[in-house]
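J.: sequence and computational prediction follow.
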Amino acid sequence: MRVAEHDRDVVPWSVFFASLVAFFVAWLAGVEWLRLVLKPVPVLALAAWVSLVRTPLARTVLVGLLLGAVGDVLLETGNTAHFLPGLVAFLLGHVAYVVGFAREAPGWHWARLAPFVLLVVTVLLVTVPGLGAFAAPVVLYGCVIGLLLWRAAARVGVTQPAWLAWLGLCGAALFAASDALIAVNRFVAPFTGAKAVILVTYWAAQALLTLSVRRP
């Protein structure tokens, strides 16, 4: 029984890390079809791990991960027409995380909202001038990211053990950083190595959000 339970943990995380390596190899080798196939696999592996946990938070995180996998495929195609649907998929995924965190730590914690409002407003002020037709959805997306940061911070001091809440907050912060880098690279000033940095912060964020789910 212990071996079986151990395997249920090891297999999804092994797939997560192996698919990350395989994705970067396919990317560097220029194998486009394999890169597209592999893009959602790390997040689907995390979803498989979360599906083993029977808690309300785990269910909402599972929904968020599955929506993230959809967004992965849409954005990885590089097709401009897929950008907005991909954005919507990730936005709904963030909403799922917000709902899960809010249920676990229902207090308002207004003081923890202020720094994230300032952060989101600052990023939007930098990026909005170059957004064009994407201004409204990106602003909405930024607001949802702020909500995610706020509700992740609200878990600190409520969720036990405390390290689960800190993992969730770090995951939310990395997600915000990854999304901010996407906005800057796409709408303000493209920079060298953007995709690699964005992907590493994104997958680290999803992994930390996954690990913030309490195991039974």
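T.: Received, thanks.

J.: next secondary structure element downstream of the lengthiest helix in the chain?
T.: Using DSSP state H to define each element, the chain has its longest helix at helix 2-29. Under the assignment DSSP states H and E, the closest C-terminal helix or strand after helix 2-29 is helix 32-38.

J.: returning to what we had before: helices and strands around the longest helix of the chain, which ones?
T.: helix 32-38, helix 41-50, helix 194-211 (3 or more Cβ pairs under 8 Å, 6 or more residues apart in numbering; DSSP states H and E). In short, each C-beta sits where N, CA and C put it, glycine included.

J.: export these to CSV and tack on distance to His94?
T.: CSV is the format used below for the helices and strands packed on helix 2-29 (distance: least, Cβ to Cβ, whole Å):
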stretch, distance to His94
helix 32-38, 23
helix 41-50, 14
helix 194-211, 10
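
J.: so which of those helices gets nearest Thr60?
T.: helix 41-50 (9.7 Å; Cβ to Cβ).

J.: identify all contacting residues around that closest one.
T.: 9, 11-13, 15-16, 19-20, 23, 58, 61-62, 65-66, 68-69, 72, 203, 206-207, 210, 213 (Cβ atoms under 8 Å, 6 or more residues apart in numbering).

J.: mind running it again at 6 Å?
T.: Among residues not part of helix 41-50, those counted as contacts by Cβ atoms under 6 Å, 6 or more residues apart in numbering are 12, 15-16, 19-20, 58, 61-62, 65-66, 68-69, 203, 206, 210, 213.

J.: which of the residues you listed sit farthest apart?
T.: Taking Cβ to Cβ, no two of the contacts of helix 41-50 sit farther apart than Leu20 and Ala58, at 22.5 Å.

J.: hey, which helix or strand in this protein has the poorest pLDDT?
T.: The weakest-scoring helix or strand in the chain, judged by mean pLDDT, DSSP states H and E, is helix 2-29 (a mean of 88).

J.: measure how it sits relative to helix 194-211, angle-wise.
T.: Comparing the axes of helix 2-29 and helix 194-211 via axes from the mean of the first three to the mean of the last three Cα atoms, to 10 degrees yields an angle of 170 degrees.

J.: separation between Trp49 and Gly78?
T.: Remark: distance between Trp49 and Gly78 (Cβ to Cβ, to the nearest Å) = 29 Å.

J.: and for Ala172?
T.: The value you get for Ala172 to Gly78, if Cβ to Cβ is used, is 27 Å.

J.: between those two, which one's more packed in?
T.: The residue with more neighbours, out of Ala172 and Gly78, is Ala172; 29 against 9, by other Cβ atoms under 10 Å.

J.: got phi/psi on that one?
T.: phi -60, psi -40 (degrees, to the nearest 10).

J.: ok, it - contacts?
T.: With contacts defined as Cβ under 6 Å, 6+ apart, Ala172 is in contact with Leu148, Leu149, Ala152.

J.: quick one: residues contacting the first one.
T.: If you count contacts by Cβ under 6 Å, 6+ apart, Leu148 has them with His94, Tyr97, Val98, Ala172.
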